[in-house]
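Novice: Turn this into a model:
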Amino acid sequence: MKRKQSGFISFCLSIAFMGALILSIVGCASKTTIKLSSIEISPSNPPNITVGSNFQLKATGIYSDGSTLDITAKVTWESSNTGIIVAGIGQASGIEPGTAKVTAVLNGIASAPILFTVVSAFQGSANGVWSGQMTIGTASTSLSGTFSATINENGGVTGTMTGTYSGSIVGQVTTNGNLNATGNLMVGSTNYVTTWSGTVTLSGTSLNIQGTWTGSNGGSGVFSGSGTTSN
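Specialist: Numbering: from 1, shown residues only. This is a model prediction of the structure:
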């Protein structure tokens, strides 16, 4: 009798164990592992930023169950151009004019790159006056006139000079506003090369330019002008 009871108890325990095992397997199988599927950067088409300014980016993780999560602080931000630095919190900083592809990476998954463009803070145009003197033969001749200059998105300067003598201006504005340019003053059929050095400053949307110029035959003088930015 005891053997029958013992066998019955063993049988019941076996059934219970198998049932628990099956329920455990079914429970594990019903659990889905949620994984990161892709990453999106927003905005996908960011506006141009000027040198010295910042712009906040956001990285969104899209998971296998369709859910999304802000992972801006978790991803590694990568830039194809060291002229744009992207911090760990997704803040893009413009260092110099140029373009870069920015990507967010996490767990071996990379977002589609977005294109970032950094432009000169001094982009715009200015008009002003110039004056000075030059020795022609044995005489010192006073010079004066006006100038018009345009600064493109990369800080490149082109312009014209009119007045006592006419000519052209070609140069560059650095990221900190220093102007270095070359001018060509035409005196009859002779081209007198001049060097223009100065500064460009901003006040709101106003652009101011000033400095000195020097050249051959004792030529020297000053220039100043103002205009507006196009940023």
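
Novice: CA only for contacts and neighbour counts going forward, please
Specialist: OK.

Novice: ok, which stretches of the protein are helices?
Specialist: Secondary structure of the chain (DSSP state H): helices at 2-30.

Novice: Got the domain ranges for it?
Specialist: Following automatic domain parsing, one finds the domains of the chain at 36-119, 124-229.

Novice: pLDDT averaged over the longest one, what's the number?
Specialist: It refers to domain 124-229. If you average the pLDDT over domain 124-229, you get 91.

Novice: Then the first one?
Specialist: Mean pLDDT, taken over the full extent of domain 36-119, equals 94.

Novice: Could you tell me the end-to-end distance of it?
Specialist: Criterion C-alpha to C-alpha, to the nearest Å; first-to-last residue distance in domain 36-119 is 35 Å.

Novice: now swap in stretch 151-171 and tell me
Specialist: Note: stretch 151-171 ends 9 Å apart using C-alpha to C-alpha.

Novice: which residues touch it?
Specialist: Contact partners of stretch 151-171, identified using C-alpha atoms under 8 Å, 6 or more residues apart in numbering, comprise 97-98, 119-120, 122-125, 143-150, 172-175, 179-187.

Novice: how close does residue 68 sit to residue 38?
Specialist: From residue 68 to residue 38 the distance is 10 Å (C-alpha to C-alpha).

Novice: Which residues are in contact with each of the two?
Specialist: Listed as contacting both residue 68 and residue 38 by C-alpha under 8 Å, 6+ apart are 61, 62.

Novice: hang on, residue 193 packs against residue 217?
Specialist: No: between residue 193 and residue 217 there is no contact under C-alpha atoms under 8 Å: 10.0 Å.

Novice: which residues does residue 74 contact?
Specialist: Listed by C-alpha under 8 Å, 6+ apart, the contact partners of residue 74 are 88, 106.

Novice: And it, its phi and psi?
Specialist: phi -100, psi -30 (degrees, to the nearest 10).

Novice: same thing with residue 230?
Specialist: Backbone torsions of residue 230, given as degrees, to the nearest 10, read phi -110, psi 20.

Novice: now do residue 216
Specialist: Per-residue torsions, residue 216: phi -70, psi 170 (degrees, to the nearest 10).

Novice: Of residue 193 and residue 217, give the one with the bigger neighbour count.
Specialist: Using other C-alpha atoms under 10 Å as the criterion, residue 193 and residue 217 rank with residue 193 on top: 17 against 13.

Novice: Bridged to that one, which residues?
Specialist: residue 184 (DSSP bridges).

Novice: ok, it - contacts?
Specialist: 182, 183, 184, 185, 215, 216.

Novice: And for residue 105?
Specialist: Residue 105 neighbours (C-alpha under 8 Å, 6+ apart): 39, 75, 76, 77, 78, 111.

Novice: which two in those are spaced the farthest apart?
Specialist: Largest separation among the contacts of residue 105 by C-alpha to C-alpha: 39 and 78, giving 13.4 Å.

Novice: Out of the contacts of stretch 151-171, which sit inside strands?
Specialist: 98, 119, 124-125, 143-150, 172-173, 179-187 (DSSP state E).

Novice: Just the buried ones among the residues you listed, please.
Specialist: 98, 119, 124-125, 143-150, 172-173, 179-185 (16 or more other C-alpha atoms under 10 Å).

Novice: what about stretch 125-145, distance to the chain center?
Specialist: Put simply, stretch 125-145 sits 40 Å off its chain's centre (C-alpha atoms, centre = their mean, to the nearest Å).

Novice: Overlap in contacts, residue 39 and residue 78.
Specialist: Listed as contacting both residue 39 and residue 78 by C-alpha under 8 Å, 6+ apart are 104, 105.
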